[in-house]
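> Model the structure of this input:
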Amino acid sequence: MKHIKVLGSGCKKCTKTAESIERIALEQGVEVTVTKETDLQVIMSYNVMSTPGVVIDEQLVHSGSMPHTDQIIEWLSK
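Below is the predicted model:
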């Protein structure tokens, strides 16, 4: 199971990113837990200056924009 955090203030892009990851994981048959992290200090600890950010198993994989479907599929397949 992959543990995924979506880092952000709770804005529309951050919410949509979390929803997209959950939907694509379900479609791909990959077990994930998706949490939203809104604490600014926690977000900064990952050196994220622009949200949304995506952390998978404590590894920052993306920040600054909504990830594309192809990117999410690639992350879930690793």
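> Doesn't Ser20 belong to a strand?
No - in this structure, Ser20 is helix, not part of a strand, as judged by DSSP: H, G, I helix; E, B strand; the rest coil.
> can you list the residues that contact the helix or strand that contains His62?
For His62, the element it lies in under DSSP states H and E is strand 59-63. With contacts defined as Cβ atoms under 8 Å, 6 or more residues apart in numbering, strand 59-63 is touched by 7, 46-55, 71, 75. Where you see a C-beta, it was placed from the backbone N, CA and C, and this is true even at glycine.
> and the two most separated of the residues you listed?
Across those, no pair lies farther apart than Met49 and Trp75, at 20.7 Å, counting by Cβ to Cβ.
> The two: which is more packed in?
For Met49 versus Trp75, neighbours defined as other Cβ atoms under 10 Å are more numerous around Trp75 (22 against 10).
> what's next to the helix or strand where the more buried one lies, contact-wise?
Per DSSP H and E: Trp75 is located in helix 69-77. Applying Cβ under 8 Å, 6+ apart, the external contacts of helix 69-77 come out as 2, 20-21, 24-25, 28, 30, 32, 54, 56, 61-62.
> From Leu7, how far off is the residue nearest the centre of the chain?
The chain has Val54 as the residue nearest its centroid, 3.1 Å off, counting by Cα atoms, centre = their mean. From Val54 over to Leu7 the distance is 7 Å, taken as Cβ to Cβ, to the nearest Å.
> Tell me the confidence at the nearest residue to Ile56 once chain neighbours are set aside?
Excluding the flanking residues, the one nearest Ile56 by Cβ to Cβ, 6 or more residues apart in numbering is Ile4, at 5.3 Å. We have a pLDDT of 98 for Ile4.
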